[in-house]
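In: Fold the following and give me the result.
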Amino acid sequence: MRRRRSLALSVVVGLLAAVGAAWGAGPAYAAGPTATFVRTADWGSGWEGRYTITNGGTTTINGWSLTFDLPSGTTLGSYWDALLTSNGQRHTFTNRSWNGTVAPGASVSFGFLGAGAGSPANCTLNGTACGGGTTPTTPPTTPPTIPPTTNPPTQGLPRHFLTGYWHNFDNPAVELRLRDVPAEYDLIAVAFAEATSTPGAVTFTIDPGLSAALGGYTNTDFGNDVRTVKARGKKVILSVGGETGRVAVNDAASATAFSNSVHNLIQQYGFDGVDIDLENGLNPTYMGQALRTLRSRVGAGLIITMAPQTIDMQSPSVSYFKLALDIRDILTVVHTQFYNSGSMLGCDQSFAYSQGTVNFMTALACLQLEAGLRPDQVALGLPAGPGAAGGGIVAPALVNQALDCLARGTSCGSFRPPRTYPGIRGAMTWSINWDVANGNTFARTVRPHLNTLP
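Out: Residues are numbered from 1 along each chain as shown. Okay, the predicted model is just below:
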């Protein structure tokens, strides 16, 4: 997300999209290494498959290579959690750096998309027959619903809600005291916490430029405003990062520093949670560790949100997407930034959709919904009109159409999701300040429509 008037915007074009492997129990324990294939979804013209490699032996597997054939007319699309090389219809998947070691009794999985009627055959694992099952299960006539997980507490948020970012800096948008945020916003993300000299640690104070623009606005004023806004039934969280943010959580020490510093800021100002908006790299292992530690200290009421760029949610193997799936038991919602993105493939894998369209919003949201995030953990992030982004600005009415398409299967463009998602959580905008500068059109159009969703 942008924070200064002169920052350049990068445009990402044409990255292969992927939907993730469904989550479930691994195959039964067997003697020696085995690999089992299942189709986890089928939508007629294509399907999603998953191989699970299980070490049924007594020694650790250090690196694996799985090869199979596909019949003529059947092709592979996107894949995740493995590397792929192909020679005609013979395809070989090898481990990634993080999943090559498989201890006795343990399992790892990778997934891919296929098009056509055929299925994998002649499977070998490290040069020997896969053994545990190369025959796919009979595909369902309609794609199955992703297995549910235990929903976290609602944390006092509506079933469908609107999130907006509040600027802690001075730029051409309207400057606002926190207490003056329009009532349509249910969740206010304060942008941004800043890095300190201690790796992983963050700090927050009112920006001097903002304070001057408001005729004097102090940390004490801000803290009082947090309490005022919360008394109105709103939630306030602290966003970490932004386009120029340099917060790095890359080891256990920095994970502890992140957790400690965010916890201190929650206690100081009364924040309800934290938003992860790191646009310059993210380590899912240690950020996940930091967030779990923070939640253990704050409790189940902690709100955890994420605001990845579109490119960061294109495949479950990408760090941001992996973090979301790893912490989905404590994750509140992901507000993917569906802007400044160029054109990208959706979950149908058949067309590069252009940003700023209903198709783009629905096809890319479908990636996350079909990869294992619950509908209540997925929201659409859009700019609040002119000035707020370099590309992907849409009329708020189109955001409502995209929400209807996802929740009801109505008002869709040429792309239609494989199912409906009545629990789709809502929408986010960058930003509240830009929305006010543009006449509050985004909030006044989208927020009432959220009340009409199932």
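
In: Tally up the residues packed near Ala117, please.
Out: The burial count assigned to Ala117 is 10, neighbours taken as other Cβ atoms under 10 Å. Using the backbone N, CA and C atoms, a C-beta is placed for each residue, glycine as well.

In: Ser317 now?
Out: The local packing count at Ser317 equals 20, with neighbours defined by other Cβ under 10 Å.

In: do Gly131 as well
Out: Here the count is done by other Cβ under 10 Å, and Gly131 has 18 residues near it.

In: now it: how far from Phe37?
Out: 12 Å (Cβ to Cβ, to the nearest Å).

In: and if you look at His160?
Out: The value you get for His160 to Phe37, if Cβ to Cβ is used, is 38 Å.

In: Check Asn433 too.
Out: From Asn433 across to Phe37, the span is 51 Å (Cβ to Cβ).

In: Look at these two and report which has more neighbours.
Out: For Asn433 versus Phe37, the count of surrounding residues by other Cβ under 10 Å is larger for Asn433: 25 against 22.

In: For that one, give me phi and psi.
Out: When quoted as degrees, to the nearest 10, the phi and psi of Asn433 stand at phi -60, psi -40.

In: residues in contact with Pro71?
Out: With contacts defined as Cβ atoms under 8 Å, 6 or more residues apart in numbering, the neighbours of Pro71 are Gln89, Gly116, Gly118, Ala121.

In: from those residues, which has minimum pLDDT?
Out: By predicted confidence (pLDDT), the lowest-ranked of the contacts of Pro71 is Gly116, with 86.

In: Correct me if wrong: that one contacts Gly73.
Out: Yes - in terms of Cβ atoms under 8 Å, Gly116 counts as a neighbour of Gly73; the distance is 5.0 Å.

In: Where does pLDDT dip in this structure?
Out: Within the chain, the set of residues satisfying pLDDT under 70 comprises 1-31, 43-45, 78, 132-153, 242-245.

In: one more time with 50
Out: The model of the chain has pLDDT under 50 over residues 3-30, 133-150.

In: Spell out which residues make up each domain of it.
Out: Under the assignment named as automatic domain parsing, the residue ranges that make up the domains of the chain are 32-129, 161-450.

In: Could you say which one of those domains comes nearest to Thr154?
Out: domain 161-450 (8.7 Å; Cβ to Cβ).

In: Determine how far the last residue of the closest one lies from the first.
Out: Using Cα to Cα, to the nearest Å, the end-to-end distance of domain 161-450 comes to 7 Å.

In: same deal with stretch 237-254?
Out: Note: stretch 237-254 ends 21 Å apart using Cα to Cα.

In: In a strand, Ile53, correct?
Out: Yes - with the criterion set as DSSP: H, G, I helix; E, B strand; the rest coil, the secondary structure at Ile53 is a strand.

In: if I look at Arg419, how far off is Gly111?
Out: Arg419 sits 18 Å away from Gly111, going by Cβ to Cβ.

In: for Ala193, that is, sorry about that
Out: When Cβ to Cβ is the yardstick, Ala193 and Gly111 sit 35 Å from each other.

In: out of the domains of the chain, deepest packed?
Out: Each of the domains of the chain was assessed for mean neighbour count using mean count of other Cβ atoms under 10 Å. The highest is domain 161-450, with a mean of 20.

In: centre of the chain versus that domain, how much separation?
Out: On the basis of Cα atoms, centre = their mean, to the nearest Å, the separation between the geometric centre of domain 161-450 and that of its chain is 10 Å.

In: Likewise for stretch 97-111?
Out: Its chain's average C-alpha position is 23 Å from that of stretch 97-111, according to Cα atoms, centre = their mean.

In: Residues touching that stretch, excluding its own?
Out: Outside stretch 97-111, the residues that touch it by Cβ under 8 Å, 6+ apart are 18, 20-21, 26-27, 29, 33, 40, 48-64, 79-82, 93, 95, 316.

In: cool, stretch 218-225 as well?
Out: Looking at what lies outside stretch 218-225 - Cβ under 8 Å, 6+ apart - the contacts are Arg177, Leu178, Arg179, Thr205, Ile206, Ser211, Gln268, Tyr269, Gly270.

In: let's go with 10 Å and repeat that
Out: Residues lying outside stretch 218-225 but in contact with it, judged by Cβ atoms under 10 Å, 6 or more residues apart in numbering, are 166, 168, 176-181, 190, 204-206, 210-211, 214, 217, 236, 268-270.

In: sorry, back to before: need the domains of the chain in TSV with distance to Thr154, can you?
Out: Converted to TSV, the domains of the chain look like this (distance: least, Cβ to Cβ, whole Å):
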stretch	distance to Thr154
domain 32-129	28
domain 161-450	9
